[in-house]
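Enquirer: the following block contains a protein sequence and its predicted model.
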Amino acid sequence: QVQLVESGGGLVQAGGSLRLSCAASGSISRINVMGWYRQAPGKQRELVATIVNDGSTNYADSVKGRFTISRDNAKITVYLQMNSLKPEDTAVYYCYARASSLPLAPLRDCWGQGTQVTVSS
């Protein structure tokens with residue numbers, strides 16, 4: 001089973017920065033996509049950014065130019081550098097991975113427990 005553990009959330013003033021980390025552990029055979037989603041109160045969970053094994057990235061329009069996703073494949077860790085934070089970035093941020101625990105098992109969606117990011121105005 002794949003476990004994802006996030007760290008780095010917290011409270012920051014508008015315009016500030018935070019860096020989230022997510023380390024994968026457990027029985028891991030393959031991971032091809034890692035990324036971040038977020039969910040604000042009363043809203044649906046939404047994509048923030050993803051990164052594939054080849055390094056290609058995808059960002060939500062609302063964070064382009066402000067957030068940067070990166071990945072350390074050796075450490076099986078994904079990072080999200082968040083700059084120029086806005087109050088509307090306030091949400092619980094969830095780490096995501098599409099992974100399998102066994103060589104022939106299909107890839108499945110895996111989620112972390114979430115970390116709170118609060119941006120004050």
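Expert: Now that the structure is in, tell me what you want to look at.

Enquirer: most remote residue from the middle of this protein, which is it?
Expert: For the chain, the largest distance from the centre (CA atoms, centre = their mean) belongs to Leu104, which lies 25.8 Å off.

Enquirer: quick one: that one is in a helix?
Expert: No. Applying DSSP: H, G, I helix; E, B strand; the rest coil, one finds Leu104 to be coil, outside a helix.

Enquirer: mind listing the residues bridging to the residue nearest the centre of the chain?
Expert: Among the residues of the chain, the one closest to the centroid is Trp36, at 2.4 Å (CA atoms, centre = their mean). When bridges are called by DSSP bridges, Trp36 pairs up with Ala49, Cys95.

Enquirer: do I have it right that it meets Leu18?
Expert: No. Between Trp36 and Leu18 there is no contact under CB atoms under 8 Å: 11.8 Å. (Each C-beta comes from the backbone N, C-alpha and C, glycine too.)

Enquirer: let me see the confidence value for the residue farthest from the centre of the chain.
Expert: Leu104 is assigned a pLDDT of 89 by the prediction.

Enquirer: what does the one 3 residues further on give?
Expert: Model confidence at Leu107, given as pLDDT, is 93.

Enquirer: quick one, what contacts it?
Expert: Counting by CB atoms under 8 Å, 6 or more residues apart in numbering, Leu107 makes contact with Arg30, Asn32, Arg98, Ala99, Ser100.

Enquirer: the strands in this protein, which residues?
Expert: 2-7, 10-13, 18-26, 30-39, 46-52, 57-59, 67-72, 77-82, 91-100, 108-111, 115-120 (DSSP state E).

Enquirer: dump the last one to CSV, restricted to CA.
Expert: Taking C-alpha atoms only, strand 115-120 is exported to CSV below (Å, rounded to 0.1, in the frame of the first residue of the first chain):
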residue,chain,number,x,y,z
THR,A,115,-2.3,20.0,5.1
GLN,A,116,-4.0,23.3,5.9
VAL,A,117,-2.8,26.4,4.2
THR,A,118,-4.2,29.7,5.4
VAL,A,119,-3.4,33.0,3.8
SER,A,120,-4.5,36.1,5.7
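
Enquirer: let me know the angle separating it from strand 2-7.
Expert: Put simply, strand 115-120 runs at 30 degrees to strand 2-7, going by axes from the mean of the first three to the mean of the last three CA atoms, to 10 degrees.
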